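Undergrad: 3D model of this:
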Amino acid sequence: METLVHEVGNRTTLGKKVKSLRREGITPANIFGHGIDSVSIQSDTNDIEKLISKAGRTRMITLKNPDFKRDCRVLIKGINRDAISGALLHVDFYQVSMKDKLKVDIPLAFHGEAPASRRKDLVLLETMNSVEVECLPADIPENIMVDISELAEAGDHVLVGALIFGEKVTVITNAEDIIAKVDHVKAAEMVEEAEVAEGEALEAGEAEAGAPAEGTPAA
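TA: Model (predicted):
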């Protein structure tokens, strides 16, 4: 897979002052990694959005800067966005050593049509969207293909152990974990209702724990 190349600039604007950069269409970022000090950089927001779209969290990127002694080989490690507008606020890049293995979450790509999806009494549940692997940076797969074309009856499923990763990739995720399965519609609805009820009970418990005791004035 071809490495992406991205030009970055040095950043001297730090702390709360980075808001002024964002208003100018510039996104603050940092490079960090094993054995190096964090480096403050910046990039045009439109350009870095395109980079994020192409690279995801698994594609190698070469960061170039005239002041760098050598190009930085990195992965996108963190993306911070505004919770309301979705505007890009900050990006973290992790500098890798091409000789050291690292653990990465690889997205799953589902392909094929499950016969079960054509039946009204069955539902196809995709229970995972990524798996964790360990490999050298040069061997990181862009995604892992999951064939769901054999899922026809309730109980049919695909396990992590059934996926093909290649000899250079070690799977960290449990081989017995279910990636996709077929269930009866009613059973799936009951599980969803139970999860919603559990979430509501947890929220109620947290709210009660945070409320002042009877007779005690709130702060």
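
Undergrad: strands along this protein, start to end?
TA: 4-7, 9-10, 26-33, 36-44, 61-64, 72-81, 88-95, 102-111, 122-126, 130-135, 144-147, 157-159, 170-171, 178-184 (DSSP state E).

Undergrad: in this protein, which residue is most central in space?
TA: The centroid of the chain falls nearest to R57 when counting by Cα atoms, centre = their mean (6.4 Å).

Undergrad: check whether that one really touches L75, as I assumed.
TA: Yes: assessed by Cβ atoms under 8 Å, R57 is found in contact with L75 at 6.6 Å. (C-beta placed from N, C-alpha, C; glycine too.)

Undergrad: for R118, give me its contacts.
TA: With contacts defined as Cβ atoms under 8 Å, 6 or more residues apart in numbering, R118 has no neighbours.

Undergrad: tell me where this protein is predicted with low confidence.
TA: Where the chain drops to pLDDT under 70, the residues are 1-2, 187-219.

Undergrad: 50 instead?
TA: For the chain, the stretches flagged by pLDDT under 50 are 211-219.

Undergrad: please parse it into its domains.
TA: When the chain is parsed with automatic domain parsing, its domains come out as 4-95, 102-207.

Undergrad: pretty sure L75 sits against D92.
TA: No: taking contact to mean Cβ under 8 Å, the distance of 9.8 Å between L75 and D92 leaves them out of contact.

Undergrad: those two: which is more packed in?
TA: L75 (21 against 16; other Cβ atoms under 10 Å).

Undergrad: tell me the spacing between D183 and G155.
TA: 8 Å (Cβ to Cβ, to the nearest Å).

Undergrad: these two: which is more packed in?
TA: D183 (19 against 9).

Undergrad: that one: what's it in contact with?
TA: 122-123, 125, 154-155, 191.

Undergrad: do G161 as well
TA: G161 makes contact with 175-176, according to Cβ under 8 Å, 6+ apart.

Undergrad: same thing but at 10 Å, please
TA: 171, 173-177, 179 (Cβ atoms under 10 Å, 6 or more residues apart in numbering).

Undergrad: what's the answer for I172, then?
TA: 103-105, 131-134, 160.

Undergrad: if any of those are buried, give me the ChimeraX selection for them.
TA: Restricted to buried positions by 16 or more other Cβ atoms under 10 Å, the ChimeraX selection for the contacts of I172 reads:
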select :104,131,133,160
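
Undergrad: wait, which of the contacts of I172 is closest to T12?
TA: V104 (31.9 Å; Cβ to Cβ).

Undergrad: the residue nearest to the centre of the chain touches F93, doesn't it?
TA: No: using Cβ atoms under 10 Å, R57 and F93 do not qualify as a contacting pair, with a distance of 11.1 Å.

Undergrad: overlap in contacts, these two.
TA: With Cβ under 10 Å, 6+ apart as the test, R57 and F93 both reach 75-78.

Undergrad: next, give me the two most distant ones among the residues you listed.
TA: Taking Cβ to Cβ as the measure, the shared contacts of R57 and F93 span a maximum distance of 10.4 Å, between L75 and G78.

Undergrad: okay, and the common contacts of the two?
TA: 57, 92-94.

Undergrad: and which of those is nearest D71?
TA: Using Cβ to Cβ, these come closest to D71 at F93, 12.3 Å.

Undergrad: what's the spacing between the closest one and N80?
TA: For F93, the distance to N80 - Cβ to Cβ - is 13 Å.
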